[in-house]
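>>> dropping a prediction and its sequence here:
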Amino acid sequence: MERIFAVNTNTYHGFTVDDALEGIARAGFRYVEIAAVRNWTEHIMPDMPDAEIERIQAKAKSLGLTFIGMSGHCNLMDAERLNDFRANMALAHRLGCKYIVSSTGEAHFGKDEKFADDVLAANIKALIPDLEKYNMTLAIETHGEYGTGESIYNVTKLTGSDRAGVCYDTANCVFYGGVRPEEEVLKCLPALKYVHLKDKVGYDNVWNFPAVGKGELKLAEFIKLVEEHGFDGPYSIEIEYTADFTNRPKVPEDLNVQNQAVQDSYDHLHSLGLI
C-alpha cells in the first residue's frame with residue numbers, strides 16, 4: 001500500500017504560504033494539507049483574488065506538490081458559519097482536495113461556545129449535499145470539547161452519512177481528551193477517515209508538539225494498528241512546537257526551525273520504512 005504523508009501548512013503558522021510549500025517540498029514530501037483558518041493561518045482563503053489562488057496552485061505544481069486536504073476550520077456548531085464552511089469546501093474542491101478538515105468549534109479563540117451532539121449532527125447533515133457534489137469527505141478533528149475519536153464517532157453516526165468521519169489528531173486526543181491514541185483510536189475505527197500525525201512531549205495538557213519522532217507518542221505503533229484494521233487514508237503531519245514559539249511574532253531565523261522540524265519528520269518516517 002502506498003501511504004500518503006502530507007504536511008499541514010499550519011506547521012508554518014506565522015509564515016507565508018510560499019515558505020510553507022517550499023519547506024514541505026524541500027523535505028521530500030509530495031502532499032499538502034493547506035490551511036484556510038480565518039484569523040489564524042490564512043495561507044489560502046475563499047475571498048482571495050482569483051489571481052492569488054491560481055498563483056498558489058501554480059506554485060505547488062511547480063514544486064511537485066499535490067493538495068490532498070484543506071484545514072478549513074469553522075464553528076460547525078453555529079448554523080450561521082455553515083456558509084463560510086461551504087465557501088471553504090468550494091475552494092478545497094477547486095484545489096483538488098479530497099478531504100476537508102474542521103474542528104467542531106472554532107479552532108482558536110472560540111468563546112462561549114455551546115456543544116450538543118444533536119445540533120452538531122444536524123449542521124453536518126446540512127453540509128452533506130455539498131460534500132456529495134464535490135465528492136469530498138469531511139474529517140472532524142479531535143479537538144476541544146470533542147477531544148476523543150469516540151465522541152466524534154458518536155456524532156457522525158447521527159448524520160447517517162459516510163461523507164463525515166473522524167480526523168484523528170494523535171496529540172490532540174492526549175491534550176484535550178486525556179487518552180492514549182494507540183488505545184482510544186480503537187473506539188472510532190469505523191469512522192476513521194484522516195489522521196493528523198502529531199507528536200507530543202508528555203501525556204498531559206501541556207502545549208508541546210515537536211517534529212514527528214521527537215516526542216513521546218507511539219506513532220509507529222499507531223500507524224501499524226490502524227492499518228491492520230483497514231485504514232488507508234492520508235496522514236497529515238502537523239507540528240505546533242511550544243505555545244510560546246507558535247504564538248509569538250516570527251523572526252526570519254524561525255523559518256530554519258520550522259524547516260528543520262519538517263525535515264526531521266520526513267527523515268524519521270523514512271528511517272522506519274514508512275515513506
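Sure thing, it's come through.
>>> which residues in the stretch 151-275 of the chain form helices?
Using DSSP state H, counting those that start in this stretch, the helices found in the stretch 151-275 of the chain span residues 172-175, 181-184, 219-228, 243-247, 254-271.
>>> got TSV for those, with mean pLDDT and distance to Arg3 too?
Every residue, glycine included, has its C-beta placed from N, CA and C. Shown next, in TSV, are the helices of the stretch 151-275 of the chain (pLDDT from 0 to 100; distance: least, C-beta to C-beta, whole Å):
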stretch	mean pLDDT	distance to Arg3
helix 172-175	98	21
helix 181-184	97	17
helix 219-228	98	8
helix 243-247	95	27
helix 254-271	98	9
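>>> for the nearest residue to Gly96 once chain neighbours are set aside, report the pLDDT, please.
Excluding its sequence neighbours, the residue lying closest to Gly96 (C-beta to C-beta, 6 or more residues apart in numbering) is Phe67, at 5.4 Å. pLDDT recorded at Phe67 is 98.
>>> of the helices of the stretch 151-275 of the chain, flag the one that's most buried.
helix 172-175 (a mean of 26; mean count of other C-beta atoms under 10 Å).
>>> how about residues contacting that helix?
Defining contact as C-beta atoms under 8 Å, 6 or more residues apart in numbering, one finds that helix 172-175 is touched by 141-143, 147-149, 179-181, 184-185, 196, 198, 200, 203-207, 217.
>>> would you mind listing which of the residues you listed are buried?
141-143, 147-149, 179, 181, 184-185, 196, 198, 200, 207, 217 (16 or more other C-beta atoms under 10 Å).
>>> count of residues packed around Leu46?
Rather than Leu, residue 46 is Pro. Number of residues near Pro46 (other C-beta atoms under 10 Å) recorded here: 17.
>>> do the same with the one 4 residues further on
The burial metric for Asp50, expressed as a neighbour count using other C-beta under 10 Å, is 8.
>>> what mean pLDDT does stretch 3-20 have?
Stretch 3-20 shows a mean pLDDT of 98 in the predicted model.
>>> which ones are touching Ser271?
Not one residue lies near Ser271 by C-beta under 8 Å, 6+ apart.
>>> circling back to that earlier point, so which of the contacts of helix 172-175 are in strands?
Of those, the ones assigned to strands by DSSP state E are Glu141, His196.
>>> ok, the nearest residue to Ala116 once chain neighbours are set aside - how many residues close by?
The shortest distance from Ala116 to any residue other than its chain neighbours is 7.7 Å, reached at Met77 (C-beta to C-beta, 6+ apart). Neighbour count of Met77, defined by other C-beta under 10 Å: 19.
>>> sec struct for Met77, please.
coil (DSSP: H, G, I helix; E, B strand; the rest coil).
>>> pLDDT weak spots in this structure?
Scanning the chain for pLDDT under 70 picks out the ranges 1, 105-115.
>>> where do the strands of it begin and end?
5-8, 31-37, 41-42, 66-71, 99-102, 137-141, 164-169, 192-197, 208-209, 235-237, 241-242.
>>> distance to Asp50 for these - can I get that in JSON lines?
Formatted as JSON lines, these follow (distance: least, C-beta to C-beta, whole Å):
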{"stretch": "strand 5-8", "distance to Asp50": "24"}
{"stretch": "strand 31-37", "distance to Asp50": "15"}
{"stretch": "strand 41-42", "distance to Asp50": "16"}
{"stretch": "strand 66-71", "distance to Asp50": "17"}
{"stretch": "strand 99-102", "distance to Asp50": "20"}
{"stretch": "strand 137-141", "distance to Asp50": "25"}
{"stretch": "strand 164-169", "distance to Asp50": "29"}
{"stretch": "strand 192-197", "distance to Asp50": "28"}
{"stretch": "strand 208-209", "distance to Asp50": "34"}
{"stretch": "strand 235-237", "distance to Asp50": "26"}
{"stretch": "strand 241-242", "distance to Asp50": "33"}
